[in-house]
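J.: build me a model from this:
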Amino acid sequence: EKNIDWIKECASDPLANVHWEDASSPYQFISACKELVKAIEVGETYVTGLPLSVDASSSGYQIYSCLLRSEKDAKLTNLYNDPDQEKANDIYSDVARYVTIDCQKYMKMDIDAEIEEYKKETADEDEIKKMRKKLLQFKESAYLWLKYGEELSPKRKPEILREFVKRQVMTFGYSSNLFGFAKQIRKDIMSKLNKKSKEFELYGHNSGEKFEHPFIDKDTARQSAWFMATMIFNNIPKVVKSASKVMDFLRDVTQVLGSENVTLRYQTPTGFIVNNKYNEFETPTVKIKIWDAEIGRERNYRHNVQEKITDVVRTRKSMNTVAPNIVHSLDASILIRAGVLAKENGMTHMMTVHDSFACLPSDMELMGSCIKFAMVTIFKDKNILQDIIDQNAPRIKDKDSLPEVPEFGDEDGNIFNIDDIMESYFSFA
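T.: Coordinates of the predicted model:
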């Protein structure tokens, strides 16, 4: 209420009154300003045209949970209805807690005691020195990450924050690996800190600003990125187990097909064909002469050019992409079916981005029911992993080499009832 005057000013003339530019999502904010002013002018009868959106709670992991009927993972991803649940479960926070525990363990580690244990495995002095160096780096990195988390934590306690792990947890389900994790951390966190440290080194003494690199310097930052990538990579399977099991299965199927130069094909529940096709290219080497002004003469370069696609399957590439491609195809199937259901039930306005659904607020209850019912119809009374085997086995000679389809249920044998999705409260929020 105390801000209503400048909100009205922004709505009436956003070019002259630019408070809205400071919002985290400025264009969405100015739209909300305009809608609020109209609602005040019209009163309680005003019908807003501002879209309301809901996002899946970890859509990739929800799909893995359904593929394996894992009750535990369905609970973690909010598909399972728990009447006593007061807030949404969050796998990102769960992984962050596990990583915090590991960091505390490494920070308190007795390196001499660890080395004595390691000497029981090898007497090679060079290997022992390498292990000592590695443990020292781990200990240092664990301390720096916990200290950095404490600086940013609202609780002011040494911990690994959700924001430190979210991107890696999200992309793990799409086959991101340890190398990819380290690269993401360097880009998302370390490069910004390195840049700020460099700017302070150049200009900070004039501004009076104080800045100490949380990870000391560029080299230690890189080392710490690898450490955090390792911690996250090791702990995700402790939280969500269905993802690894399904990804391993799909990679194994793709490897068997690739050994006979066949790509995996799959018809989705909505009838579309997924062709996980990645073929080798003919890549002739082209020799190029380029003038190098720095040395004052021509230099010879060699460049491989992807000239022509061949019939040879890129098995390794196919194995690395099959899980995300299958998951995205099922995401799309849910989206398509939800859209069709919404239209059949009278909805005329809908906007979607991947696993995010937006509609008029008056339609949101219907939209939520359509999304959940779409998920139920996609997975109920089906074993999609078995369908993948059945659709691809006739295309190769050595059918017996295909892997066994994983059994339904979590590690305790509890099988998730797909119908429970309809009663879930936080699955899309």
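
J.: the closest residue to Tyr46 other than its chain neighbours: neighbouring residues, count only.
T.: Of all residues not flanking Tyr46 in the chain, Ala39 sits nearest, at 4.5 Å (Cβ to Cβ, 6 or more residues apart in numbering). All C-beta spots, glycine's among them, are computed from the backbone N, C-alpha and C. Around Ala39 there are 15 other residues, counting by other Cβ atoms under 10 Å.

J.: checking my notes, Ala39 in a strand, right?
T.: No - going by DSSP: H, G, I helix; E, B strand; the rest coil, the assignment for Ala39 is helix, not a strand.

J.: separation between it and Leu52?
T.: From Ala39 over to Leu52 the distance is 14 Å, taken as Cβ to Cβ, to the nearest Å.

J.: same check, this time on Lys218
T.: Taken as Cβ to Cβ, the span from Lys218 to Leu52 is 44 Å.

J.: wait, doesn't the residue nearest to Tyr46 sit right on Thr48?
T.: Yes - with contact defined as Cβ atoms under 8 Å, Ala39 counts as touching Thr48 (6.6 Å).

J.: what does the strand or helix carrying Gly180 contact?
T.: Assigned by DSSP states H and E, Gly180 belongs to helix 178-185. If you take Cβ atoms under 8 Å, 6 or more residues apart in numbering as the criterion, helix 178-185 is touched by 167-168, 171-172, 176, 225-226, 228-230, 232-233.

J.: wait, Asp419 sits on Thr377?
T.: No - under the criterion of Cβ under 8 Å, Asp419 makes no contact with Thr377, lying 10.8 Å away.

J.: who has more neighbours out of the two?
T.: It is Thr377, of Asp419 and Thr377, that has more neighbours when counted by other Cβ under 10 Å, with 18 against 10.

J.: and the pLDDT for that one?
T.: On the pLDDT scale, Thr377 is placed at 97.

J.: how far away is it from Ile371?
T.: For Thr377, the distance to Ile371 - Cβ to Cβ - is 11 Å.

J.: what helix or strand is the nearest residue to Leu67 once chain neighbours are set aside on?
T.: Leaving out its chain neighbours, the residue that sits closest to Leu67 by Cβ to Cβ, 6+ apart is Val246, at 5.4 Å. Per DSSP H and E: Val246 is located in helix 242-259.

J.: could I get the buried residue list for the helix or strand following that helix?
T.: Once the chain leaves helix 242-259, the next helix or strand it forms, by DSSP H and E, is strand 265-267. Neighbour counts over strand 265-267 (16 or more other Cβ atoms under 10 Å) mark Tyr266 as buried.

J.: quick one: strands adjacent to strand 265-267?
T.: strand 273-275 (antiparallel) (DSSP bridges).

J.: what's the mean pLDDT across the partner strand?
T.: Strand 273-275 comes out at a mean pLDDT of 96.

J.: report all helices and strands that the helix or strand just after that strand contacts.
T.: Next along the chain after strand 273-275, taking DSSP H and E as the criterion, comes strand 279-282. Using 3 or more Cβ pairs under 8 Å, 6 or more residues apart in numbering; DSSP states H and E, the elements in contact with strand 279-282 are strand 308-313.

J.: now do the buried residues in the strand it packs on.
T.: In strand 308-313, counting by 16+ other Cβ under 10 Å, buried: Val313.

J.: what's the angle from that strand to helix 242-259?
T.: 100 degrees (axes from the mean of the first three to the mean of the last three Cα atoms, to 10 degrees).

J.: hmm, who's touching strand 308-313?
T.: Strand 308-313 is contacted from outside by 257-258, 261-263, 277-282, using Cβ under 8 Å, 6+ apart.
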